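**Student:** Build me a model from this:
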Amino acid sequence: MQRLLVEFYQLQVSLLQLMIANNPTLVGTAGGTFLSIVPNIQSEDITRTIILASVGAIVSFTISLLLKSLNKKRKK
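**Tutor:** Take a look at the predicted model:
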């Protein structure tokens, strides 16, 4: 998982460089980086990411509602 995050960061850096200078070498580098990441992503990682993102969104939403409710009660 750590390796995947490092490769994703490298892809972001490559894309940032692409936006700064429209250079065919950078396009090839970004494309090659992306294409080297895609085969390494396993279905387990995708499933784990979806589950963790869902749990995180639900917890965040619930805490937001709780804090909003507590804030309203405090103001009264």
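**Student:** quick one: contacts for residue 15?
**Tutor:** When contacts are counted by CB atoms under 8 Å, 6 or more residues apart in numbering, residue 15 is found next to residue 30. The way it works is simple: take the backbone N, C-alpha and C, and place the C-beta from them, glycine included.
**Student:** going forward can the numbers begin at 386, since that is how I track them
**Tutor:** New numbering, starting at 386: the last item is residue 400.
**Student:** where does it land on pLDDT?
**Tutor:** In this model, residue 400 is scored at 70, pLDDT.
**Student:** Just the CA atoms of the helix or strand hosting residue 413, as CSV, please.
**Tutor:** Element membership for residue 413 (DSSP states H and E) is helix 409-422. This file holds the C-alpha atoms of helix 409-422, laid out as CSV (Å, rounded to 0.1, in the frame of the first residue of the first chain):
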residue,chain,number,x,y,z
PRO,A,409,6.4,15.7,-25.0
THR,A,410,9.0,14.1,-22.7
LEU,A,411,6.9,15.0,-19.6
VAL,A,412,3.7,13.6,-21.4
GLY,A,413,5.6,10.3,-21.9
THR,A,414,6.8,10.2,-18.4
ALA,A,415,3.4,10.9,-16.9
GLY,A,416,1.8,8.3,-19.2
GLY,A,417,4.4,5.7,-18.4
THR,A,418,4.1,6.3,-14.7
PHE,A,419,0.3,5.9,-14.9
LEU,A,420,0.6,2.8,-17.0
SER,A,421,3.1,1.3,-14.6
ILE,A,422,0.7,1.9,-11.6
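**Student:** what's the model's confidence in the helix or strand following it, averaged?
**Tutor:** Following helix 409-422 in sequence order, the next helix or strand is helix 428-460 (DSSP H and E). Averaging pLDDT along helix 428-460 gives 91.
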